[in-house]
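# Generate coordinates for the sequence data below:
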Amino acid sequence: MERYSEYKDSGVKWLGEIPSHWKVEPFGRHFSFRKGLPITKANLIDSGEAVISYGQIHAKENLGTTMSESLVRYVSRDYLKSHPQCLLTKDDFVFADTSEDIGGSGNFVYNDFPANIFAGYHTIVAKQSGLYNPSYYAYLFKSECWRNHIRSLVNGVKVYSIGRKQLKSNFLLFPSYKEQDTIVRYLDAATSKIDKAIAMQQKMIDLLNERKQIIIQNAVTKGLDENVEMKDSNCKFLGKIPSTWEVCKTLYVLSMPITDGPHTTPQLYDDGIPFVSAEAVSCGNGYIDFSHIRGYISDSFYNECCKKYIPQRDDIYMIKSGATTGKVAIVNTDVKFTIWSPLAVFRVNKKKVLPYFLYYSLQSSYYQLQVQDKWSFGTQQNIGMRMLEKLILCYPSIEEQAKIVAFIKKNVDNFDSAISNSQRQIALLQERKQIIINEVVTGKVKVS
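Below you'll find the predicted structure:
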């Protein structure tokens, strides 16, 4: 693609040069702000008035540049009378005011919804005034330079918070009206092709996970002998199990009570000891993804963490708060690291249960349904460690566990390989999409 004939310094750290005839102005000059409904997840119902909240803004299917029907949830129509100020108007932008990871800071959705819709919990509504083509700005807010500016300003403890102050201090670009229209047409066409390819890969992942889940569920609740005598487990989520199997609370098969990482926020560095949190578990397909760690900590903070918990091979982590609550990973490395508070630690008593048998059991539908049944509803899911200890497990003899683990590994390894391949394809597609948006929306290249 060709470049513009002349460029100038934008005066914005994260932006660099822009075409010489483009203008830069503060975000706050063209937007006013208000909050969404003061509700929690418990206020959502099956039908009523449409609402878009924090969780849906952070959902992987949210493209940002359009309000997809799949993102919509519902609340009582009574809110039309009690909180009409929380209704969105066309061309509003809705930002999530917190994120569980730095990468999600600044996530938003552009309102082009064809009917009434509320802004929901943990949102900031940015109402634009006088912008010629709001769709151009939807793409701008997805650009890396715009998001980097936000990331440099957010405040983080357990979550990263974004407020009006951070939004107001960001920048807006002003190409000519004709250029804005041209850029939007180009990006709509280019990104839609990539989005379709991503959706195909995600559908493949969902199908593979569904088949994988069936294999795991059947193996850890029924064993490998189809003709075995069964008995009632007395657990509504578990049903019947082989008559020789044990049923117990989770704590019974552990060598120590469930624990977690520190509840304080350390200073993070560019290198040091890896500090693992929820994202490294949710992105790891059953293992820790060290490319998604929270950051690096000092030796002194690590030593403080070790007074409470020292990671070791075969420990199992479950995310206990946030949108990915219930996701599981097992430690299969001797790398020196430690964890943060959103992760619950399961360390097995190997005389009772094999680590990989518990690892698969925690992923099973019967165990995950118990997690969902017991988590608390606030702005996000949360389940306590003492509650996890009370959830029901079933297990056979160690010898039978070993056979079940070998069977599952043999049958799901190919699924895991295919899932990882699709995840890599999605990452490459997303990277390509981001490069196109970055280059075009900031005028690094000229489109026609």
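
# now the strands: where do they sit in the stretch 151-300 of the chain?
Ranges of strands in the stretch 151-300 of the chain, per DSSP state E, counting those that start in this stretch, are 155-156, 160-161, 171-174, 230-232, 240-242, 246-249, 259-260, 273-276, 295-297.

# mind giving me JSON lines with these and columns for mean pLDDT and mean neighbour count?
Yep, even glycine has a C-beta here, placed from its N, CA and C like the rest. As requested, these are arranged in JSON lines below (pLDDT from 0 to 100; neighbours: other C-beta atoms under 10 Å):
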{"stretch": "strand 155-156", "mean pLDDT": "64", "mean neighbour count": "15"}
{"stretch": "strand 160-161", "mean pLDDT": "81", "mean neighbour count": "18"}
{"stretch": "strand 171-174", "mean pLDDT": "95", "mean neighbour count": "20"}
{"stretch": "strand 230-232", "mean pLDDT": "96", "mean neighbour count": "12"}
{"stretch": "strand 240-242", "mean pLDDT": "96", "mean neighbour count": "18"}
{"stretch": "strand 246-249", "mean pLDDT": "96", "mean neighbour count": "14"}
{"stretch": "strand 259-260", "mean pLDDT": "96", "mean neighbour count": "16"}
{"stretch": "strand 273-276", "mean pLDDT": "95", "mean neighbour count": "22"}
{"stretch": "strand 295-297", "mean pLDDT": "92", "mean neighbour count": "19"}
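
# Compare the ones you listed and report which one is nearest to residue 348.
Closest of these to residue 348 is strand 246-249, at 12.6 Å (criterion: C-beta to C-beta).

# May I have that closest one exported as CSV, CA atoms only?
The C-alpha coordinates for strand 246-249 follow below in CSV (Å, rounded to 0.1, in the frame of the first residue of the first chain):
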residue,chain,number,x,y,z
GLU,A,246,-15.5,-44.1,46.3
VAL,A,247,-17.5,-40.9,46.7
CYS,A,248,-16.1,-38.1,48.9
LYS,A,249,-15.5,-34.4,49.3
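
# Which strands and helices lie in contact with it?
Secondary-structure packing of strand 246-249 (3 or more C-beta pairs under 8 Å, 6 or more residues apart in numbering; DSSP states H and E): strand 392-395.

# ok, how many other residues are close to residue 200?
Neighbours of residue 200 under the rule other C-beta atoms under 10 Å: 13.

# make that residue 82, sorry
11.

# Show me where the protein dips below the pLDDT cut-off.
The chain contains residues with pLDDT under 70 at 155-159, 377-380.

# redo that, cut-off 80
1, 100-102, 154-160, 376-380 (pLDDT under 80).

# All the helices of it, in order from the start?
54-57, 79-82, 134-140, 144-151, 164-168, 177-222, 278-282, 299-306, 355-363, 365-374, 385-390, 398-441 (DSSP state H).

# I'd like those helices as JSON lines, with distance to residue 247 appended.
Listed next are these as JSON lines, based on distance: least, C-beta to C-beta, whole Å:
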{"stretch": "helix 54-57", "distance to residue 247": "34"}
{"stretch": "helix 79-82", "distance to residue 247": "45"}
{"stretch": "helix 134-140", "distance to residue 247": "52"}
{"stretch": "helix 144-151", "distance to residue 247": "47"}
{"stretch": "helix 164-168", "distance to residue 247": "51"}
{"stretch": "helix 177-222", "distance to residue 247": "11"}
{"stretch": "helix 278-282", "distance to residue 247": "27"}
{"stretch": "helix 299-306", "distance to residue 247": "35"}
{"stretch": "helix 355-363", "distance to residue 247": "12"}
{"stretch": "helix 365-374", "distance to residue 247": "11"}
{"stretch": "helix 385-390", "distance to residue 247": "13"}
{"stretch": "helix 398-441", "distance to residue 247": "15"}
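
# returning to that earlier point: how about CSV for the strands of the stretch 151-300 of the chain, with distance to residue 119 added?
As requested, those are exported to CSV (distance: least, C-beta to C-beta, whole Å):
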stretch, distance to residue 119
strand 155-156, 21
strand 160-161, 17
strand 171-174, 21
strand 230-232, 47
strand 240-242, 46
strand 246-249, 42
strand 259-260, 33
strand 273-276, 33
strand 295-297, 31
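
# right, and those - which one's nearest residue 64?
Using C-beta to C-beta, the nearest of the strands of the stretch 151-300 of the chain to residue 64 is strand 171-174, at 16.3 Å.

# Touching the closest one from outside, list them.
10, 12, 15, 18, 22-27, 29-30, 131, 137, 140, 146, 149, 441-443 (C-beta atoms under 8 Å, 6 or more residues apart in numbering).

# Now, these that are in strands?
18, 23-26 (DSSP state E).

# Residue 88 is in contact with residue 117, isn't it?
Yes. Taking contacts as C-beta atoms under 8 Å, residue 88 lies within contact range of residue 117: 5.3 Å.

# Now the common contact residues for those two.
In contact with both residue 88 and residue 117: 52, 111, using C-beta under 8 Å, 6+ apart.

# Between the ones in strands among the contacts of strand 171-174, identify the one with the most neighbours.
residue 18 (23 neighbours).

# Tell me which residues touch it, please.
Residue 18 is in contact with 7-8, 10, 24, 173, 442-443, counting by C-beta under 8 Å, 6+ apart.

# Give the PyMOL command for selecting the buried subset of the residues you listed.
Selection of buried members from these for PyMOL, criterion 16 or more other C-beta atoms under 10 Å:
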select buried, resi 10+173+442+443
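
# And the contacts of residue 18, which is closest to residue 75?
Residue 75 has its nearest neighbour among the contacts of residue 18 in residue 173, at 35.5 Å by C-beta to C-beta.

# Give the bridge partners for the closest one, please.
residue 24 (DSSP bridges).

# start at 573 instead
From this message on, residue numbering opens at 573, which makes the last subject residue 745.

# Please name the nearest non-neighbouring residue to residue 848.
Distances taken as C-beta to C-beta, 6 or more residues apart in numbering place residue 911 nearest to residue 848, at 4.8 Å, with adjacent residues excluded.

# coming back round to it: return the closest of the contacts of residue 590 with respect to residue 917.
Using C-beta to C-beta, residue 1014 is the member of the contacts of residue 590 that lies nearest residue 917, at 43.9 Å.

# Just confirm that closest one contacts residue 586, I think it does.
No. Contact criterion C-beta under 8 Å: residue 1014 and residue 586 do not qualify, at 9.9 Å.

# who touches both of those two?
residue 717.

# Of all the helices of the chain, which one is nearest residue 609?
Here helix 651-654 is closest among the helices of the chain (C-beta to C-beta), at 6.2 Å.

# List of residues touching the closest one?
With contacts defined as C-beta under 8 Å, 6+ apart, helix 651-654 is touched by 609, 621, 658-659, 688, 690.

# Stretch 628-645 too?
Stretch 628-645 is contacted by residues 616, 622-625, 666-668, 671-672, 676, 679-685, 689, 692, 695, 707, 710-711, 713-714, 763, 767, 774, 895 when judged by C-beta under 8 Å, 6+ apart.
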